[in-house]
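Peer 1: For reference, the sequence and a predicted model appear below.
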Amino acid sequence: MGSSLPPKEANLFKVIVKSYETKQYKKGLKAADAILKKFPEHGETLSMKGLILNCMDRKSEAYELVRRGLKNDLKSHVCWHVYGLLYRSDREYREAIKCYRNALKIDPDNIEILRDLSLLQAQMRDLSGFVETRQQLLTLKPNHRMNWIGFAVSHHLNSNGSKAIEILEAYEGTLEDDYPPENERYEHGEMLLYKISLLEECGLPDKALEEMHRKEAKIVDKLAYKEQMASMLVKLGRVEEGEKLYRSLLFMNSDNYRYFMGLQKCLGLYSERGQYTSDEVERLDALYKSLKEQYSWSSAVKRIPLDFLEGDKFWEAADFYIRPLLTKGVPSLFSDLSPLYDHPGKACILEQLFLQLEDSIKKTGCFPGRTQKEPPSTLMWILFLISQHYDRRGQHDIALAKIDEAIEHTPTAIDLYSVKGRILKHAGDLAAAAALADEARSMDLADRYLNSECVMRMLQADQVGLAEKTAVLFTKDGDQHNNLHDMQCMWYELASGESYFRQGDLGRALKMFLAVEKHYADMTEDQFDFHSYCLRKMTLRAYVSMLKFQDKLHSHEYFHKAAAGAIRCYMKLHDSPIKATTKEGDDMSKLPPSQRKKLRQKQKKAEARAKKEAEEKTEEETTSGSSKSGKRQHARPVDLDPHGQKLLQVEDPLLEATKYLKLLQNNSASSLETHILSFELNMRKQKILLAFQAVKQLLKLDENNPDCHRCLIRFFHRVSSFPAPKTDTQKLIWSVLESERRDISQLHGKSLIEVNQSFLENHKDSLMHRAAAAEMLLVLEPEKKLEAIKLIEDSTNKLAPVDGAQGPVREWKLDDCIAVHKLLETVFIDEDAASRWKARCAEYFPYSTYFGGCRSSVVSYSLNHNVQNAPENGVLAYQEAKKEETRSLNGKLHAFKDLTI
């Protein structure tokens, strides 16, 4: 480095490098300028000056200097390395790798470049290249621990666990007997645990167990050691030793469910499906009774038996578990019990138990069979629990009556208002739910959870402006939108995006969905620093686990929702393009193509100039706030497109949608929604085979799903309308479809009309299946529109098979009925049928604002304690209209008006 310079300038060049490493950027710039004064075309100095300017956020100057430096000295590994560092800082990893490889052609044994290259290869999952680079590093510096470990990890990631074990054993062979010293014991113990996990992963549990016994004294993390030992003993069938170990672990932590599961496995009493014989249930019951005596304080030992006990024993165990939690007042009790509602018959037993406890407390003030008086709050918590129970079973009338009784009993309990809002949301009154959530929030203004729940309810009611003002109460001062984005508040962005989409504001909806997508891109980038950190700190098991998590990152629920939302926006944009309504747009449409192109170019140049001026202004503002090192304080970027209008100005919306569809297909292939979106998108793109592929995947996942049936009928109906194939490509596609059609069982020897009729007969009691069959009847035979509508209207809302003690429960769900109403309005385009359906559903869902139910806030609902109603589609205009009324985000405690303390 700087070898072509005279001694004085060569020393200055070393100052530049040291200043860069110690982040003394001003000092480095001064040294670089001193060299360039004498040698203005010195390539390495130009490159280093560019690198320092890049750290000072002057990117355009940095790239210009580095490229100039590289041009002047193409055979300098420093110039290539610096160019790679610049690309790396901008996340252009593939370009950075190319630069590093060019640098290594000039200096193949440069350890710094090899190390940087290995980090990028791990980031990009170039695993074969990662192995090669790590081997080179080990060859050059075999006395460095990190190089041995890095080489082993590279082989593990490259699916060669046995080779990784060999490398770790070779590394241990280089160590002395008294290794490690006291300050490295934990790191060495972590390496040993990683090696043991590798042996287990490679199917060598015997060898892993032997290694554990041999190295026990050198492993510091005794808890992880015991857990891994117990797991391996179970795998090897040495259940007696495993049982002793799990019992010792339970003594350390008697609320760890995994330890109880391990103990059950040792005793042969574990089933993944949770299904046990009567003999196994008796043995399990005896086991947990003995454990209950030993660990009387444990919550898990009382809760786990509720999963396998039945009948009277379940009643006794549930009663024993619930009573102390009601006395104590645990708001999360119902969440703890809710998985039991999936077990047949247990919901009814719980209902009878809750009602018995309520009746006893009301009559005697004690629990059944006891003489000790309960505190007054116990009744309130029982009513709280019962209201959630009836809400879960869809009996919203009773749920609201119980929660109102609880509020009357204790009007100061915040949780009651939150749950009442949740019940109203499930009943379909989104506006009243939002108002109640706001009332709960106003009772404790320092509670972030209540604020977040209130914001979510407002967004569900499409009160976006009000939700935004409420959300920013817990953000820093300044640009609140950016603050929510910086905090990666994805639930807020997703709910906002869905609300904007419902209101037809595609620009803002897209902006929100793409913001979530950016968070996932940031998470992928965030792993970069851990590639060197984890190898240095020897947190190898956590590191490998993190890499596996990152590989499945885009299969997360939030990303799926954001990508699906973006695809729907782009498809809607394709179906209804934004038309130019301005005078300039009309004038441009009248111009000939050549002049139109010139005008577009002028507009682009003007936009680029305006953007550059804004950046320069930002730079000027931040120059005054530079730190001592010379690095500018990061200014918050100005949002040049707050309403997402530029996102709507894409030339090909379907091409943009395809990018997100590919991510869903790669990461959420088991989701029906992924393939439904694929079908819709490819039908619009006229990609017949890809659409057919989506149909096949849907049939494979769930052939009885109404949406699958729609896609199947629509596809073959569309294909049947095509003209006879003429080109070779068309003939090939046609022959593929003909051969594949024979493999679809639903179409065997039947016409599409017969297939639809058969589907209807098989699912005649289901509303959504009847609606799908009716829609397809309209597609296949448009003249039978009235018959198709009659199919829907003849559906009956039967009583669900539930042995409820407090009234019937209907089968139809609110969301399904809303979907049917929209179908009648938009597909059948029959206002009379839609209004008849709306009137009918208003009886079934009296709290629904969508259907205008008689008890909804839209019609006549009046909330307790004078809680103000908010409109379902409330935005900023709503606040302006209500200025005269006293409503403050800082809250109004209506409940306390007449309360005397």
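Peer 2: Perfect, thanks for sending it. Numbers count the residues shown, from 1 in each chain.
Peer 1: mind listing what residue 15 touches?
Peer 2: By Cβ atoms under 8 Å, 6 or more residues apart in numbering, the residues touching residue 15 are 27, 28, 31. Just so you know, the C-beta spots here come from the backbone N, C-alpha and C atoms, and that holds for glycine as well.
Peer 1: pLDDT of the helix or strand containing it, averaged?
Peer 2: Per DSSP states H and E, residue 15 falls inside helix 7-21. Averaging pLDDT along helix 7-21 yields 92.
Peer 1: repeat for stretch 211-226
Peer 2: Mean predicted confidence for stretch 211-226 is 94.
Peer 1: Going by neighbour count, which residues of the helix holding residue 15 are buried?
Peer 2: Within helix 7-21, the residues that count as buried by 16 or more other Cβ atoms under 10 Å are 9, 12, 13, 15, 16, 17, 19, 20.
Peer 1: what's around residue 138, how many residues?
Peer 2: The number of residues packed near residue 138 is 20, by other Cβ atoms under 10 Å.
Peer 1: Hmm, residue 148 and it touching each other?
Peer 2: Yes: between residue 138 and residue 148 there is a contact at 6.4 Å, judged by Cβ atoms under 8 Å.
Peer 1: circling back to that earlier point, could the contacts of residue 15 go into TSV alongside neighbour count?
Peer 2: Listed next are those as TSV, based on neighbours: other Cβ atoms under 10 Å:
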residue	neighbour count
27	18
28	27
31	25
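Peer 1: Just the ones in helices from the residues you listed, please.
Peer 2: Within these, residues falling in helices by DSSP state H are 27, 28, 31.
Peer 1: how close does the first one get to residue 16?
Peer 2: As judged by Cβ to Cβ, to the nearest Å, residue 27 and residue 16 stand 9 Å apart.
Peer 1: ok, now the second one?
Peer 2: Here residue 28 is placed at a distance of 5 Å from residue 16 (Cβ to Cβ).
Peer 1: Now do the shared contacts for those two.
Peer 2: 48, 49, 52.
Peer 1: And those, which of them are buried?
Peer 2: Neighbour counting by 16+ other Cβ under 10 Å classes 48, 49, 52 among those as buried.
Peer 1: Reformat those as a markdown table; add pLDDT.
Peer 2: Formatted as a markdown table, those follow (pLDDT from 0 to 100):
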| residue | pLDDT |
| --- | --- |
| 48 | 95 |
| 49 | 95 |
| 52 | 95 |
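Peer 1: Switch the residues you listed over to JSON lines; also include secondary structure and distance to residue 833.
Peer 2: Output for these, formatted as JSON lines (DSSP: H, G, I helix; E, B strand; the rest coil; distance: Cβ to Cβ, whole Å):
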{"residue": "48", "secondary structure": "helix", "distance to residue 833": "75"}
{"residue": "49", "secondary structure": "helix", "distance to residue 833": "74"}
{"residue": "52", "secondary structure": "helix", "distance to residue 833": "72"}
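Peer 1: Contacts only, for the residue nearest the centre of the chain.
Peer 2: Geometric centre of the chain, nearest residue: residue 558, 2.7 Å, by Cα atoms, centre = their mean. Counting by Cβ under 8 Å, 6+ apart, residue 558 touches 490, 491, 494, 516.
Peer 1: for residue 792, same thing?
Peer 2: 767, 770, 771, 774, 820, 823, 824, 833, 837.
Peer 1: quick one, phi psi at the fifth one?
Peer 2: With angles defined as degrees, to the nearest 10, residue 820 shows backbone torsions of phi -70, psi -40.
Peer 1: Summarise which helices and strands the helix or strand containing residue 101 is packed against.
Peer 2: Using DSSP H and E, residue 101 sits in helix 93-106. With contacts taken as 3 or more Cβ pairs under 8 Å, 6 or more residues apart in numbering; DSSP states H and E, helix 93-106 sits against helix 77-89, helix 111-124.
Peer 1: Deepest-packed of these, please.
Peer 2: Highest mean neighbour count of the helices and strands packed on helix 93-106: helix 77-89, a mean of 24 (counted as mean count of other Cβ atoms under 10 Å).
Peer 1: Helices along the stretch 251-400 of the chain, start to end?
Peer 2: Secondary structure of the stretch 251-400 of the chain, counting by DSSP state H, counting those that start in this stretch: helices at 257-266, 278-294, 300-303, 305-308, 311-328, 333-337, 346-364, 377-392, 396-409.
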